[in-house]
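[1] coords below, sequence missing:
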Ligand SMILES: Nc1ncnc2c1ncn2[C@@H]1O[C@H](COP(=O)(O)OP(=O)(O)OP(=O)(O)O)[C@@H](O)[C@H]1O
């Protein structure tokens, strides 16, 4: 069955292809961790926030919100890296469209990071207040 204008055909489902897709995903995550400084920074932040969460014994809902935000930031960082590489693959010239594509992707990461910081403050501030008052 033809699924696209470039003649890409869909292959039948198989366990081998299914496991290979996990391997490719793992390779992508490993590559991102080795090459993307920002992603490493996010992972350090995740580690610190998780330690705080364990220390303050935050609620299940708070954990779920934090996990959701951590996932959004990291996945957007990886999509941003993919868009950067795709743009560089398409053109080495400085063009307005290339600039917009990269700036839009970077803006998406920035927005999610700001939202994460705000959510982190809203979740942890009450715990920190109680902690300070107890000293
Ligand atoms: N091909 C391009 N055309 C126009 N603007 C670009 C292009 N590539 C990058 N930019 C601009 O530079 C910003 C940073 O892009 P990127 O992180 O890929 O670094 P770079 O400018 O390509 O070079 P370097 O990696 O040395 O910093 C982008 O958000 C965009 O504003």
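    Everything's here; your move. Note that the structure is a prediction, hence the values are computed from the model and not measured.
[2] tell me the SS of the closest residue to residue 17 other than its chain neighbours?
    Residue nearest to residue 17 in three dimensions, not counting chain neighbours: residue 11, with 6.8 Å by C-beta to C-beta, 6 or more residues apart in numbering. (Glycine included, C-beta is placed from N, CA and C.) With DSSP: H, G, I helix; E, B strand; the rest coil as the basis, the three-state label of residue 11 is coil.
[3] residue 11 and the ligand: what is the separation?
    For residue 11, the distance to the ligand equals 34 Å [C-beta to the nearest ligand atom, to the nearest Å].
[4] same check, this time on residue 14
    Distance from residue 14 to the ligand, by C-beta to the nearest ligand atom: 37 Å.
[5] go on, residue 43?
    In terms of C-beta to the nearest ligand atom, residue 43 sits 20 Å off from the ligand.
[6] list the residues that contact that residue.
    Residues near residue 43 by C-beta atoms under 8 Å, 6 or more residues apart in numbering: 33, 74.
[7] where's it, which helix or strand?
    helix 37-56 (DSSP states H and E).
[8] list the buried residues in the helix or strand just after that helix.
    Next along the chain after helix 37-56, taking DSSP H and E as the criterion, comes helix 60-90. Residues of helix 60-90 classed as buried by neighbour count (16 or more other C-beta atoms under 10 Å): 62, 65-66, 69-70, 72-74, 76-78, 80-81, 83-84, 87.
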